[in-house]
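[1] sequence plus predicted model, see below.
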Amino acid sequence: MAKRERVVRMSVEQPLWRALTGYRVLTMIYAVLLAVFGKDHLGRQPFERPWVAFAYLAFLAVWTLATLPKVRSAASCTKRFLGADLVVALTGIMLTPIADVHSQTFDGPTLPSIWTAGAVLAFAIKGGWRWAAFASTFVAAANIIQRGEPSRDTFHNVLLVWVASIAIGYVVEVARASERTLARALEIEAATRERERLARDIHDSVLQVLAMVQRRGTAIGGEAAELGRLAGEQEVALRTLVSSGLVPPTRVSEDAAEGAVVRTVEVDEESPGEEAPCDLRTLLAPHAGSRTSFAEPGAPVLLPAPAARELAAAVSAALDNVRVHAGEAAQAWILVEDEPGEVIVTVRDDGPGIPEGRLAQAEGEGRMGVALSIRGRLRDIGGTAEVISVPGQGTEVELKVPKAQISRGKAGSAR
């Protein structure tokens, strides 16, 4: 039995929640030990009303241990818990001058001490830097009110909590954006691998069967030959689809709204506004068949939708001329070249060719197929069409569309 690859994904922010859990426990213990063994500036017990301090610290210890499951993940850390946790921290700060009347005269730690930073960091990890700034502002206001007036140490402590929490919140947003980008890349890689597997299976089964039907039908003749011809057309069409892997037109955009610049690929839907660039290959691929070979680049050939449609219509007109003038049995080739400055599409056939002066004579007789259907379309989008034909050696129609000309025409129409 074949082994299936198992992929285990871990959230990049999960270690932060684990670190926050440890931080809350350690800082709670530190606050309790500081109250029990700490001394004031004169070496005395720091609290005039120790029952206030120890009642709050007992509640803080119970609250910290009871809420450990709440800080294990973003899902369990709810907004209601964050609000209550911040209230616990702010209450401890405001109770400090009640427990120690000298706390406003001499700089010293508040009742929750550095445990308060844990409440702010929970906001940062849960909601990013904006939530961190919100919680830090309340903590800063409470510290200033508790001191009576801002001192240098108070200002430094407030600034440290503010900057650290906002920085951590920003890093969390960047990590989340990077995780989403990585997840999308893994999805695309998995889809690509699945497509390659399906292509191999199709090549090993369906395409080979169609090719065999074509050969046997041609050899038998009669009605079987017609069946073989249809099988050959379907083989070419299916092979083209499998080899090209054409996808709907896409648009590349950048989003910096969530704390990081993330490049995304979005599928454009039809809208009444400006049309998205179109992959020329999707318009030309249906022409492939048993009598028409289609060669294309491996990457999308993106053109403005109107220009791509006009170019595809010119190619269709050229193929119509092949069927009319070279016969149904003529072989045709379509070659698409995506050059840095222009897109070139060549349509060639193995028919008898066009006698010299025949095109000018046709235009004089009012038959404007080449003049209007091909050259006229290319002229409208800023391109050129050149017909090269040697009697007895087939005809070649070369269609060129400069990319810069398309961009200028698009900008001009927008104005």
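    That came through fine. Numbers count the residues shown, from 1 in each chain.

[2] hmm, Ser113 and Asn143 touching each other?
    No: Asn143 lies out of contact with Ser113 (C-beta atoms under 8 Å); the separation is 11.9 Å. For the C-beta atoms, the positions are set from N, CA and C on the backbone; glycine is no exception.

[3] contacting residues for Cys278?
    Each residue near Cys278 by C-beta atoms under 8 Å, 6 or more residues apart in numbering is listed here: 249, 302-305, 308-309.

[4] mind checking which of those residues are in strands?
    302-303 (DSSP state E).

[5] and the contacts of Cys278, which are buried?
    Burial by neighbour count, judged by 16 or more other C-beta atoms under 10 Å, picks out 249, 302-305, 308-309 from these.

[6] for Ala185, state which of these is nearest.
    Pro249 (20.5 Å; C-beta to C-beta).

[7] any idea of the pLDDT on the closest one?
    We have a pLDDT of 43 for Pro249.

[8] could you do Ile344 as well?
    93.

[9] pretty sure it sits in a strand.
    Yes: assessed by DSSP: H, G, I helix; E, B strand; the rest coil, Ile344 belongs to a strand.

[10] quick one: contacts for the closest residue to it other than its chain neighbours?
    Among residues not flanking Ile344 along the chain, Glu337 sits closest, at 4.3 Å (C-beta to C-beta, 6 or more residues apart in numbering). Taking C-beta under 8 Å, 6+ apart as the criterion, Glu337 is in contact with 297, 343-346.

[11] residue contacts, the residue lying closest to Arg375 once chain neighbours are set aside?
    The spatially closest residue to Arg375, leaving aside those adjacent along the chain, is Ala385, at 4.5 Å (C-beta to C-beta, 6+ apart). Contacts for Ala385 (C-beta under 8 Å, 6+ apart) come out as 314, 370, 374-375, 377-378, 397-400.

[12] does Ala385 count as helix, strand or coil?
    Ala385 ends up strand, using three-state DSSP.

[13] Val397 now?
    Under three-state DSSP, Val397 falls in the strand class.

[14] could we number from 48 for the rest of this?
    All set: I'll call the first residue 48, so the last point we hit is now Val444.

[15] now for it, how many residues are close by?
    24 (other C-beta atoms under 10 Å).

[16] show me what it bridges to in the sheet.
    Listed by DSSP bridges, the beta-bridge partners for Val444 are Val394, Val434.

[17] so how far is Ala361 from it?
    With distances taken as C-beta to C-beta, to the nearest Å, Val444 is found 8 Å from Ala361.

[18] could you name every residue contacting both of these two?
    Joint contacts of Val444 and Ala361 (C-beta under 8 Å, 6+ apart) are 421, 432.

[19] where do the strands sit along the chain?
    Going by DSSP E, the chain shows strands at 297-302, 309-314, 325-326, 339-342, 349-350, 379-385, 389-396, 431-436, 442-449.

[20] show me what counts as buried in the fourth one.
    If I follow you right, that is strand 339-342. So for strand 339-342, counting by 16+ other C-beta under 10 Å, buried means 339-341.

[21] next: the last one.
    Burial within strand 442-449, assessed by neighbour count using 16+ other C-beta under 10 Å, is assigned to 442-449.

[22] pLDDT and distance to Leu207 for those - can I get that in TSV?
    What follows is the buried residues of strand 442-449, written out as TSV (pLDDT from 0 to 100; distance: C-beta to C-beta, whole Å):
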residue	pLDDT	distance to Leu207
Thr442	86	79
Glu443	88	74
Val444	89	73
Glu445	92	69
Leu446	92	67
Lys447	92	64
Val448	92	61
Pro449	89	59
